[in-house]
Each structure stands twice: as structure tokens, then as C-alpha cells.
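Student: missing the sequence, but the structure's below:
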């Protein structure tokens, strides 16, 4: 009996220790799940400043400046000389003229045809008038034209070329003349002497001119003849 009692006590102590260990294990908190930290991506639109709206126009009470219209509703073709070798043409065709074209040649004639600009050389004395035909882009309202003919007169026509080859003129321009590309052969006959010009001015502005003033001007400018003409151009020898 004396041997059994210590064994029972030892077994009880071991059982208590086991129960305490189980109790402590059950009270242990569950391990937390660690979420990986992903670096935040910065987009270009986040870095850029937000768009700013333009300030609303303030009403100053002044009348608004009139704006030039894109079209005037008039049929016109204007031809201008840009330099001795180039011309410039601009035109406008009204809706009325387009409807007249469709009524004459068919409703689909305008879409089926193509715009053409014709340039005629109408210089007086030319052996035979000739022309240059340019296929311009649809919707164009101006064109630069290289002619390479200084001191020539030109007239333009704008129209449509039908699929069968017929040219239908719609607009006719003014006559434009290109300038010369060389020096003029005309020479001045006589130039006014500067002193005579001042004398005329002084007589008009303050009556009779002062002789001392005239003499001082002559001394500074030097003696000049009363009649001066530019020399004619001569060929180099």
C-alpha cells in the first residue's frame, strides 16, 4: 500500500502537467496571416496636374469685334500677280450656282465631275492664245500658279470637267499682268535739285527764303548744277 500511494501521486502530477500543457496550447492565439505589401504604382495621369478650365470671358460691356465670314455667298474668281513668275487665284462658288449646275447636267453631275482651273495667256501681240489646265483639289478655294512668264497678261476660268471630257466654265476672273523680271529701260529726263526743292518749300511755308540759309545749304551739299538727269544704261565693254 505504501508503494502504491507515491505512484498514484506521481501519475496525478503528470496528468495535471499534461492537462495544463493542453490548456495553454489551446489558449495560444492563432498566427496572423501576413499580407505582402505591393508598392503602389503611380500612373502618368496621377503625376500630371489636373487640366484647368480656361476662365470664362468677362463681359466688359464693349461690343464684340465682328469676325470675317468664311464665305460671302457670291460667285467670284480673283486673279492676282504675286511676282514675275507666280500668280495667285482664289474663288467662291455659291450654292445657287451649284444647284444650277445640277439642274443642267444631272443631280449626280457635281459629284461625278472634278474641279478644274484654266489659265489663259491673253498678252496682246502673242501669236496665239494658249492656256494651262490645272486639276485642283475638291473643296479648295485658292491656288498658287507658276507661269514663268514675266510681263504677261493672264485670265483664269474655274469650272468642272464632266466624265465625258467636257469642260463647263462656272467663273471668269479679271486680267492680271505679271511684272517685269528685269530693270526698266526708261530713264528719267530731269531731277529737281535739292536746293530748289527747299527754296520752293521755304517760299510756301515762310515767304521769301533767307539767302544765308540757302548759302549754308549749298556749302554743305556742294555746288550742283540746276539740271540733273540719271545717265542711260549702257552695255559693259
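Tutor: Yep, that arrived. Note that the coordinates shown come from a computational prediction; the quantities given were computed from them, not determined experimentally.

Student: For the strand ranked longest in the chain, name the packing helices and strands.
Tutor: Across the chain, the strand with the greatest residue count (assigned by DSSP state E) is strand 167-177. Applying 3 or more CB pairs under 8 Å, 6 or more residues apart in numbering; DSSP states H and E, one finds that strand 167-177 makes contact with strand 76-83, strand 86-92, helix 95-105, strand 114-121, strand 153-161. Every C-beta, even on glycine, is put in place using the N, C-alpha and C of the backbone.

Student: just for this structure, where's the confidence low?
Tutor: 1-12, 27-51, 57, 59, 128-129, 184, 186-237 (pLDDT under 70).

Student: Can you give the domain ranges for it?
Tutor: Under the assignment automatic domain parsing, the domains of the chain span 76-177, 188-230.

Student: Next, the distance between the ends of the longest one.
Tutor: Just to be clear, that refers to domain 76-177. 19 Å (CA to CA, to the nearest Å).

Student: any idea how far residue 118 is from residue 94?
Tutor: Noted for residue 118: a distance of 20 Å to residue 94, by CB to CB, to the nearest Å.

Student: So which of these two has more stuff around it?
Tutor: Set residue 118 next to residue 94 and count neighbours by other CB atoms under 10 Å: residue 118 wins out with 18 against 14.

Student: Name all residues that make contact with that one.
Tutor: 131, 132, 133, 134, 156, 157, 158, 159, 167, 169 (CB atoms under 8 Å, 6 or more residues apart in numbering).

Student: my read: the third one touches residue 116, true?
Tutor: Read it as residue 133. Yes: between residue 133 and residue 116 there is a contact under CB atoms under 8 Å: 6.0 Å.

Student: which of these two has more neighbours?
Tutor: residue 116 (18 against 11).

Student: For the closest residue to the more buried one other than its chain neighbours, which residues are in contact?
Tutor: Counting by CB to CB, 6 or more residues apart in numbering, residue 116 lies nearest to residue 161, which is 4.8 Å off, once chain neighbours are set aside. Applying CB under 8 Å, 6+ apart, we find residue 161 in contact with 113, 114, 116, 135, 167, 168.

Student: Would you mind giving the contacts of residue 118 as JSON lines with distance to residue 143 added?
Tutor: Listed next are those as JSON lines, based on distance: CB to CB, whole Å:
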{"residue": "131", "distance to residue 143": "15"}
{"residue": "132", "distance to residue 143": "11"}
{"residue": "133", "distance to residue 143": "12"}
{"residue": "134", "distance to residue 143": "7"}
{"residue": "156", "distance to residue 143": "9"}
{"residue": "157", "distance to residue 143": "13"}
{"residue": "158", "distance to residue 143": "9"}
{"residue": "159", "distance to residue 143": "14"}
{"residue": "167", "distance to residue 143": "17"}
{"residue": "169", "distance to residue 143": "16"}
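
Student: Could you single out the nearest of the residues you listed to residue 85?
Tutor: Distance to residue 85 across the contacts of residue 118 (CB to CB) is lowest for residue 132, with 13.3 Å.
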